[in-house]
Each structure stands twice: as C-alpha cells, then as structure tokens.
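[1] just a sequence and a predicted model for now, questions to come.
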Amino acid sequence: MARKRRSIEVFSMSFLDCMSCGFGAVILFFMIINSQSEATTDQIKVLQAETDKLEIEVLEGRKDLALARTSIQKLETEDEEAKEKISSIKALIAELQAELTENDKQTLAKIEAAEKLQSDIKSLQEEVQRLLALQQDSEAAGERVRSFKGEGDRQYLTGLKLGGDRTLILVDCSASMLHETIVNIIRRKNLPKSQKLLSRKWRQVVTSVDWLSSQFKEGSEYQIYMFNNVAVPAIKGTEGLWLKMDNANQLEEAVNTLRRTVPENGTNMHSAFQVIRDMNPRPDNVILLVDSMPTMDAATSTKTSIGPGERLNMFSAAAQLIPSGIPMNIMLYPMEGDARASISLWALALKTRGSFMSVSRDWP
C-alpha cells in the first residue's frame, strides 16, 4: 500500500514563538531607548534653562558694566567742569582782590588829602586863636595874680571858659595818669615813687593846673581837689572852703602838692562830682582834668575788671550828682582803650553849657 505522503509546514509554533519573542525584545529595546531618551531630554532642558539663566545674568552684568562706565565718564566730565569753574572763580577772586586793593589805595589817597586839608584849616584856625589869645593875654596881664611861662607860644588855650567868681578844679590823680597805654601803666605802677612822679603824662597834668591857676582873675575864689578812689583838696583842712586868689603863696602850695602827689588807685567820679554838690556856695565854673571813664563808684571795690558798659553806667550815675546850671569844662588827656570817654565827656560839657578839649601832648 502506498504510504501517504505528509505535507511539509513552513511555519510551526516554535518559529512563531521565536518571532514573537524577538519582536517583543525589539519592542522592549525601543521602550528602554525611548525611556532613556526622555530622561536625557529632561536633563538637556534643565541644562538649557541654566544656560539661559547664565546668559541672562551675563547680559545683565554687561549692562551694569556699561552703565558703570557711563557713570564714570559722566563723573569725570563733571569733575573736569568743576575744576574749570574753580579755576575761573579763583581768577575772578584774584581780579576782584586786585581791584579792591587799587580802590583802597585810591580811597586812602583821598582820605589823606582830606585829612591834610583839615589839618591845614585847623592850623590856620589855631593860629588865629593864638593871636587872639595873645591879644587877650596882653590886655589881661595886669589882672593876673600868678604868671605862667609856656614853651614858645603853646601856653594859649582855645575855647576853654575860665571866667567866674568861684572856680573849682577837679584833677584826676588815678593810676591811669602814669601813661597813655595800659601796658605801660601796669609797668610804671611798680616803679619807685620818684620815677612815678616823672611820668610825662602826670607832669603835663600838673603843668596844666599851673597854667590854669595863672588865668584866675584877681579877687576871685578857687578850690583844687584831687580824686582817685576818693576826693581830697590839694591843701589839707580846706574841705568845702573857697580859697582867695589874693593869697599867692597858698595857690603855689596847692600846685606844689600836686607835683608831690603820686597817681594811684582807680577813678571814682562819684566822689569828684559830690564835691561840686557839697561846696557852699556852689561853684559857677568847674574845670575837670581827666583821661578816662570811671572804674569805681565807691572808695573801695572788690571787682578786678570793669567792662565798658559798666563804666558808662558809673559815669551816667555820677553825672546825676552835678547840680544844674554849673558849666563843666573838660580837659581830656590821651588814654588808649576807652573809646567812649570822648563822646561821653563831650556830651556832658555840651549838656552843662561848658567846653570840651582834647589835650595835645605838647601843651602847655
């Protein structure tokens, strides 16, 4: 019997299984690759983001750097402009200073010219007054009790009122009469008595009193008081009394007492002006020889320094003691550092209808 021939199958289960497994492996392989690819992509994105951030920061840094450079350039420009302005201002200041100096020179020249003219006018006026005084002296020579011989023609005096039946002379004999400057006053205060008496300023005051006494008319009365911290008469025992001009020896003794008196202590105008009030009968003419404002208002004081304002108050209070109707003729001697003395004493002379003069160094 013939055998039945078996048919051959190309595909079998075993082959399909292999193919399936292979295909599955390929799919698994692609899935693994795809998974890794996604992880790599995420990482790349992170790195890209960081890169972008760094690029932004770099750009910002470059921008800030550009702004800083611009600011530096602007500051440098402003600095140069400021230097140029400073140079211009300095040049302008120098120019103004030069102009001011030139104006000062012109002003000084004008002032000097004006002062010279005033000096010439004053000299001419003094010459006229000198001639008038000489004429009056020659007419009144027979009426004087004492004579006084000045140096050259300097014994004349302009404007001082010397008339009156009762003349009171108040002489400042405080320490300031030792010199015109404060420093030299302090120095001379420590000198011996004999050298103090030789002080030029004090000798000038004494000589002035000597000249004044020679101008008293015969038959009149007088009194000479010295004052520093207190006021005392030149002749002891004559407090409140009027002395007769007929007694020439007594007048000579009063002047000699001044020559022997040493200037010392402070200036108390209260005591000096109180003398005017206490005289009976009161004087009809007062001559005050002084160099500064008062430094005290009582015989003693505990103060070591007195300001200008306080000295002015002391003077104003002392001036209230002067009775009305009595002219105050004031002779002011040089003294530094007391600017208010001239105007205050001048005002007192004006108020009392007296006269005021600033004594020159070479008078009488």
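    That came through fine. Residues are numbered from 1 along each chain as shown.
[2] C-alpha from now on. contacts and neighbour counts both.
    OK.
[3] what's the domain layout of the chain?
    Taking automatic domain parsing as the reference, the chain has its domains at 21-143, 148-358.
[4] buried deepest among those domains, which one?
    When the domains of the chain are scored by mean count of other C-alpha atoms under 10 Å, the highest mean neighbour count falls to domain 148-358 (a mean of 18).
[5] just confirm residue 287 is within a strand.
    Yes. Using DSSP: H, G, I helix; E, B strand; the rest coil, the assignment for residue 287 is a strand.
[6] and residue 349, what's its pLDDT?
    Looking at residue 349, its pLDDT reads 92.
[7] secondary structure element for it?
    Assigned by DSSP states H and E, residue 349 belongs to helix 340-351.
[8] C-terminal to that helix, what's the next element?
    From helix 340-351, the next helix or strand downstream (DSSP H and E) is strand 356-358.
[9] which strands and helices sit next to that following strand?
    Judged by 3 or more C-alpha pairs under 8 Å, 6 or more residues apart in numbering; DSSP states H and E, strand 356-358 is in contact with strand 328-332, helix 340-351.
[10] among the ones you listed, which comes closest to residue 167?
    Nearest to residue 167, of all the helices and strands packed on strand 356-358, is strand 328-332, at 10.6 Å by C-alpha to C-alpha.
[11] quick one, helices of the stretch 251-364 of the chain?
    Using DSSP state H, counting those that start in this stretch, the helices found in the stretch 251-364 of the chain span residues 269-278, 308-319, 340-351.
[12] now those helices as CSV including distance to residue 87?
    Shown next, in CSV, are the helices of the stretch 251-364 of the chain (distance: least, C-alpha to C-alpha, whole Å):
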stretch, distance to residue 87
helix 269-278, 61
helix 308-319, 47
helix 340-351, 47
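[13] elements contacting the helix or strand hosting residue 87?
    Using DSSP H and E, residue 87 falls within helix 13-140. Using 3+ C-alpha pairs under 8 Å, 6+ apart as the contact criterion, no helix or strand is in contact with helix 13-140.
[14] now do that helix: distance to the chain's middle.
    Its chain's C-alpha centre and that of helix 13-140 lie 41 Å apart, by C-alpha atoms, centre = their mean, to the nearest Å.
[15] is residue 328 in a bridge, and if so with what?
    As for beta bridges, residue 328 partners with residue 286 under DSSP bridges.
[16] next up, the contacts around it.
    285, 286, 287, 288, 348, 349, 352, 353, 354, 355 (C-alpha atoms under 8 Å, 6 or more residues apart in numbering).
[17] could you rerun that using 10 Å?
    Going by C-alpha atoms under 10 Å, 6 or more residues apart in numbering, residue 328 touches 161, 168, 284-288, 322, 345-346, 348-356.
[18] now residue 304: phi and psi?
    phi -100, psi -20 (degrees, to the nearest 10).
[19] could you check how far it is from residue 296?
    Note on residue 304: its distance to residue 296, by C-alpha to C-alpha, to the nearest Å, is 11 Å.
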